[in-house]
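Q: here are the coordinates; sequence isn't available:
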């Protein structure tokens, strides 16, 4: 469950947090069972009897598939006629129904999370409750209470997975995001935007774990679906390019990352506007990549424009403006323009402002 060359102290730290390497190279159902068996939270681990029952079910998977294939062959001819006659009607209603479902899901998820955040009663009795304990409990309850509602369960596990990711618990985040993604594929299909968004969240978790090649492969797979299926201007396509660029940048392949970033910037300008926070974030990343490629003049131009736009939108005191100042200052330092660098990075000790 751990790299063979990992130092002893790091192995002990990972054991303490139940942080094992992601399970790979086996079927999805077996992988899900292994993840449950190695879960850090005891309530999530199945009993020996449950495990034996699940293994027996997994062993029979090929036989079930064969039966389904035979049955499907008989039913396809009947289904085609019905599908053709109802396709137009369903297509007309789909957008309205999906919007309504999304609204209901959001309300259900918000209500659940509010309940879970209010629930740690031990705190009222003087017992310390950690955030991670609340999250672990939320995962357990979500899996139990929404076991027969895969769409909402997938949404909850996605939100909780991203929360674990924010806390730096990347292995746990990956586990939940994998489950959320599998549920979404069952509900929506592999090429639906919601499934692809779950893919991209998983890619982000892998990048943060250092699994750059794995992240690159999945990001490319998403892009191959999204670009022709949803269109190059769809936000999912744009985000697929952004996370692919991130993986390439993490691998040191800046020359491949740059053209992707330019497409991301153009796409975000078209979809979100030139002054949107996400657009400026992509432009700032582009400026940094140009700097890593040694193209400091182009980098300075890009980062200076980003800084001016952030100053106008957010003001001089905003943390994102300060971040843009530091990025520009780093390029000016490489250009040996030290006075300009100092002017950008000096802080007034009385006010704390740049």
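A: That came in fine, so what should we check first? Keep in mind the model is a prediction, meaning the values are calculated, not measured.
Q: make it CA atoms for all contacts and neighbour counts henceforth
A: Will do.
Q: got any ranges where this structure has weak pLDDT?
A: By pLDDT under 70, the low-scoring segments of the chain are 61-131, 347-354.
Q: just the strands in it please.
A: According to DSSP state E, the chain carries no segments that qualify as strands.
Q: in it, which residue is closest to the centre?
A: For the chain, the residue nearest the mean C-alpha position is residue 201 (1.3 Å; CA atoms, centre = their mean).
Q: quick one: the helices in the stretch 251-354 of the chain?
A: Using DSSP state H, counting those that start in this stretch, the helices of the stretch 251-354 of the chain run over residues 254-272, 277-292, 296-314, 319-334, 338-345.
Q: so what does the first one touch, helix or strand wise?
A: What that stands for is helix 254-272. Applying 3 or more CA pairs under 8 Å, 6 or more residues apart in numbering; DSSP states H and E, one finds that helix 254-272 contacts helix 235-250, helix 277-292.
Q: tell me how far it lies from the chain's centre.
A: For helix 254-272, the gap between its own C-alpha mean and the chain's C-alpha mean amounts to 19 Å (CA atoms, centre = their mean, to the nearest Å).
Q: what of the fourth one?
A: Using CA atoms, centre = their mean, the distance from the centre of helix 319-334 to the centre of the chain it belongs to is 27 Å.
Q: what packs against that helix?
A: Helix 319-334 is packed against helix 277-292, helix 296-314, helix 338-345, with contacts defined by 3+ CA pairs under 8 Å, 6+ apart.
Q: list the buried ones in it?
A: Neighbour counts over helix 319-334 (16 or more other CA atoms under 10 Å) mark 320-322, 324-332 as buried.
Q: next one: the last one
A: Within helix 338-345, the residues that qualify as buried by neighbour count (16+ other CA under 10 Å) are 341, 344-345.
Q: burial count for residue 209?
A: Neighbourhood size, residue 209 [other CA atoms under 10 Å]: 18.
Q: equivalent analysis for residue 200, please.
A: That count, for residue 200 with other CA under 10 Å as the rule, works out to 26.
Q: residue 12 too?
A: Using other CA under 10 Å, residue 12 has 13 neighbouring residues.
Q: show me what counts as buried in stretch 24-43.
A: 30-33, 35-41.
Q: can I get those residues in JSON lines including distance to residue 243?
A: Below are the buried residues of stretch 24-43 laid out as JSON lines (distance: CA to CA, whole Å):
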{"residue": "30", "distance to residue 243": "28"}
{"residue": "31", "distance to residue 243": "25"}
{"residue": "32", "distance to residue 243": "25"}
{"residue": "33", "distance to residue 243": "29"}
{"residue": "35", "distance to residue 243": "25"}
{"residue": "36", "distance to residue 243": "28"}
{"residue": "37", "distance to residue 243": "31"}
{"residue": "38", "distance to residue 243": "29"}
{"residue": "39", "distance to residue 243": "28"}
{"residue": "40", "distance to residue 243": "28"}
{"residue": "41", "distance to residue 243": "30"}
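Q: just checking, which of the residues you listed belong to helices?
A: 30-33, 35-37 (DSSP state H).
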